[in-house]
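Asks: Return atomic coordinates for the entry below.
(one chain, ligands or ions: 1)
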Amino acid sequence: MFITFEGGEGTGKTTLIKDVAEALRQDYSREPGGSRIAEAIRDIILNPIYQGVTPFTEALLLAAARAQHLDEVILPALASNQIVLCDRYLDSSLAYQAYARDLGFEFVLNINDYAVRNMPDLTFYIDLDPIVGISRIANRSKYDRLDQETVEFHQKVREGYLKIAKMYPDRIVTIDGSLSIEEIKRQIISKIRESL
Ligand code: TYD
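Replies: Residues are numbered from 1 along each chain as shown. As a prediction, this is how the structure comes out:
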């Protein structure tokens, strides 16, 4: 079973996935990254020293990192019958690149054809007002290149996610990100147990 976690900045996704993985006694991975080569690509995508990365290049690098992560980590783990938990996947590219960066769903789906052929069974989208999310990460010492985007950009990401959740209602479960982390965790674990 392949399960992904999606959401904007400051939704607590990373803490959540750690706790869920522990409860299920499984490992977890993340995108962009998750393998040595994909993490190297991640640095080009997110390091603020690379301000000149264009939207097309960004989308292509994300697709490249994803292809590498699929071959090195996700597909072998699924083949050995593990539950694969991943912090972000193709829906991030749909919300951020296709929708917020205006590259369009068709282009992003095309360059991610390999991921399209390996879609998650279940996706949790943690929905939160970006103003709340950004205020939660305000005391972080490090901001990546995408954290530095405007509030309008993050509002658009949220709009994108809400559209995607409507496009794939059987796969995507929307969770209210303003609930306590304990309650969100409880909802996620109960949904996973129900689907297993
Ligand atoms: P992440 O490490 O999850 O950071 P955060 O804690 O800020 O959520 O994700 C890194 C950034 O990469 C995040 O701003 C979203 C962005 N991203 C995309 O724009 N498209 C993608 O396909 C992926 C996987 C991530």
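
Asks: Report all helices and strands that the host helix or strand of Ile3 contacts.
Replies: According to DSSP states H and E, Ile3 maps onto strand 2-7. When contacts are defined as 3 or more Cβ pairs under 8 Å, 6 or more residues apart in numbering; DSSP states H and E, strand 2-7 packs onto helix 13-24, strand 84-87, helix 90-92, strand 122-127. For the C-beta atoms, the positions are set from N, CA and C on the backbone; glycine is no exception.

Asks: now for those, which one comes closest to the ligand?
Replies: helix 90-92 (3.4 Å; Cβ to the nearest ligand atom).

Asks: and after that closest one, which helix or strand comes next?
Replies: helix 105-111.

Asks: Need the winner for burial among the helices and strands packed on strand 2-7.
Replies: helix 90-92 (a mean of 25; mean count of other Cβ atoms under 10 Å).

Asks: which residues touch that helix?
Replies: 4, 6, 31, 62, 66, 112, 115-116, 119, 123, 125, 161, 164, 172 (Cβ atoms under 8 Å, 6 or more residues apart in numbering).

Asks: For Asn139, report the pLDDT, please.
Replies: Looking at Asn139, its pLDDT reads 80.

Asks: Helix or strand with the lowest mean pLDDT in this structure?
Replies: helix 130-137 (a mean of 92; mean pLDDT, DSSP states H and E).

Asks: List the buried residues of it.
Replies: 130, 133-134 (16 or more other Cβ atoms under 10 Å).

Asks: And the contacts of it?
Replies: 8-12, 143, 147, 151, 154-155, 157-158, 177-178.

Asks: does any part of it sit near the ligand?
Replies: No - judged by Cβ under 6 Å from any ligand atom, helix 130-137 stays clear of the ligand, getting no closer than 7.2 Å.
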